[in-house]
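Chemist: Coordinates for the following, if possible.
(chains A and B)
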Amino acid sequence: MAELSGPEPPRVPRVLRVLPVVALVAGVVGLLDHPIGAAAALTATMAVIGTIVLRLVLEARSWRWPTDAPFLLATVGLVLVITVGALLGLRT
Amino acid sequence: MEQLIVAAIALFGAAAGVAGGVGGAVLVVPLFLLTGADAPAAATVGLLTVATATAAAAPRQLAQRLANHRLAVTVELGASVGVVVGASLLAVLPEVWFRGILAAAILAAVVAGLVGRPAQGADAITLPVAAVGETPGTLAGAYALGAGAVPYRAERVPLGMALSLGVGLVSGVTGTSGGYLKTPLMREVLAVPIKVAAATTTFASGLTAIAGLAVLLPAGAVELPVVAAAVVGASLGGIAGAALQARLPPRGARQVLAVLLVTIAGVLLWPS
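Modeler: The predicted structure follows:
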């Protein structure tokens, strides 16, 4: 009878564990009423956004063309829409 | 003092929002409004909370393999367009409209959640635990339950994508993730099990937040120390919320979601 052990737990990339911690630490430093606090607050924001974008990129790396073509195209479309949003934000 | 308030609101909002699959901002935005903040500031803090909670929950969610990333980008494609348009309208929208649209959307989500049909096969274990995860090339997969796996497949995808455009518009206008609508949409329209819908919504809401922040952050609606406070509060809240999400049974998650939404709608409609 085949062994019924479960699958190996999925490996979570270390960078996805580290970036949220960076965001938290930078956020705490960002609370300081000091010039370094402003830079830390920006770092915290970038770490947060970077975690989400990186998670999507890492997941999408396992998707294969043409099997996953609709989802790869959707991801590209999503990036384009966010880029347009940023351009609109910069203009206002 | 403002930073402490923002951090506390963000912590509570992120924890409750992630656990219920609503993203957090739907709690943070009205609470921050009650402190006297204007709509653009509340929206910016709300979206920061959503993004931070999503980022903080990422490692745990990836380990659980509950979220379906293919489903997230499919739904989010239309939603992100709506978010960018909605966030661009936020600066010119009267606050009474802001509150009304948010309250109406929340109440619609509550009704959909209470009268909707359960997803087919939501708790039927038919696969070995090795099947847990996403099925390549499809919007299907399986999630772990006990010693086995429960299969699912998204239905009515074109309708779901069209509705997600409207959800995105509401998200952008109100400055929330739209998770309070996305989770019911995934469950009732796409027939995705509640645990998968909630986890997928958490990830998709992070993408929504990025699209909204791309429009709102350059406008400088909040000071940088407030940004830092939102990130700190939401970081801690996101971790707590993800832990709660894994422990809640499907029915419990649904009930908690409904109670949270009714409470928030009441706060929004209360005369100021």
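
Chemist: Mind telling me what element residue 79 is part of?
Modeler: I went with chain A, as the question did not name one. helix A:69-91 (DSSP states H and E).

Chemist: My question was about chain B, not that one.
Modeler: helix B:69-90.

Chemist: Render the CA-only coordinates of the next helix-or-strand element following that helix in PDB, please.
Modeler: With elements assigned by DSSP H and E, the helix or strand that comes after helix B:69-90 is helix B:95-115. Output of helix B:95-115 as PDB, limited to C-alpha atoms (Å, rounded to 0.1, in the frame of the first residue of the first chain):
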ATOM      1  CA  GLU B  95     -18.600  63.400   1.500                       C
ATOM      2  CA  VAL B  96     -22.300  62.600   1.800                       C
ATOM      3  CA  TRP B  97     -22.100  60.700  -1.400                       C
ATOM      4  CA  PHE B  98     -18.900  59.100  -0.200                       C
ATOM      5  CA  ARG B  99     -20.600  57.800   2.900                       C
ATOM      6  CA  GLY B 100     -23.800  56.800   1.100                       C
ATOM      7  CA  ILE B 101     -22.000  54.800  -1.700                       C
ATOM      8  CA  LEU B 102     -19.900  53.000   0.900                       C
ATOM      9  CA  ALA B 103     -22.900  52.200   3.100                       C
ATOM     10  CA  ALA B 104     -25.000  51.000   0.100                       C
ATOM     11  CA  ALA B 105     -22.300  48.700  -1.100                       C
ATOM     12  CA  ILE B 106     -21.800  47.200   2.300                       C
ATOM     13  CA  LEU B 107     -25.500  46.500   2.800                       C
ATOM     14  CA  ALA B 108     -25.700  44.900  -0.700                       C
ATOM     15  CA  ALA B 109     -22.900  42.700   0.300                       C
ATOM     16  CA  VAL B 110     -24.600  41.700   3.500                       C
ATOM     17  CA  VAL B 111     -27.800  40.800   1.600                       C
ATOM     18  CA  ALA B 112     -25.900  38.800  -1.000                       C
ATOM     19  CA  GLY B 113     -24.100  36.900   1.800                       C
ATOM     20  CA  LEU B 114     -27.300  36.000   3.800                       C
ATOM     21  CA  VAL B 115     -29.600  35.000   0.900                       C
END
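
Chemist: any idea of the mean pLDDT in helix B:95-115?
Modeler: Average pLDDT, helix B:95-115: 76.

Chemist: Ok, stretch B:31-38 next?
Modeler: Here the average pLDDT along stretch B:31-38 is 82.

Chemist: Now do the end-to-end distance for it.
Modeler: Its first and final residues considered, stretch B:31-38 spans 11 Å by CA to CA, to the nearest Å.

Chemist: How about B:Ala63, nearest residue that isn't a chain neighbour?
Modeler: In this structure, B:Ala63 finds its nearest non-sequential neighbour in A:Val12, 5.6 Å apart by CB to CB, 6 or more residues apart in numbering or on different chains. C-betas here are computed from N, CA, C, even on glycine.

Chemist: Does the one you found touch B:Gln64 like I think?
Modeler: No. Contact between A:Val12 and B:Gln64 fails when scored by CB atoms under 8 Å: they sit 10.2 Å apart.

Chemist: of the two, who's got more company?
Modeler: B:Gln64 (19 against 16; other CB atoms under 10 Å in any protein chain shown).

Chemist: what packs against the helix holding B:Ala79?
Modeler: Judged by 3 or more CB pairs under 8 Å, 6 or more residues apart in numbering or on different chains; DSSP states H and E, the packing partners of helix B:69-90 are helix A:35-60, helix A:69-91, helix B:39-64, helix B:157-174, helix B:194-216.

Chemist: what are the phi and psi values for whichever residue of chain B sits closest to chain A?
Modeler: Going by CB to the nearest CB, chain A is nearest to B:Ala228 of chain B, at 2.8 Å. Backbone torsions for B:Ala228, taken as degrees, to the nearest 10, come to phi -60, psi -40.

Chemist: What is the burial count for the closest residue to it other than its chain neighbours?
Modeler: Excluding the flanking residues, the one nearest B:Ala228 by CB to CB, 6+ apart is A:Gly30, at 2.8 Å. Using other CB under 10 Å, A:Gly30 has 29 neighbouring residues.

Chemist: Please spell out the segments of the chain that come in under the pLDDT threshold.
Modeler: Let's take chain A. Chain A contains residues with pLDDT under 70 at A:1-10.

Chemist: should've been chain B
Modeler: Using pLDDT under 70, the flagged stretches of chain B are B:1, B:18, B:20-23, B:109, B:112-123, B:250-251, B:253-254, B:257, B:272.
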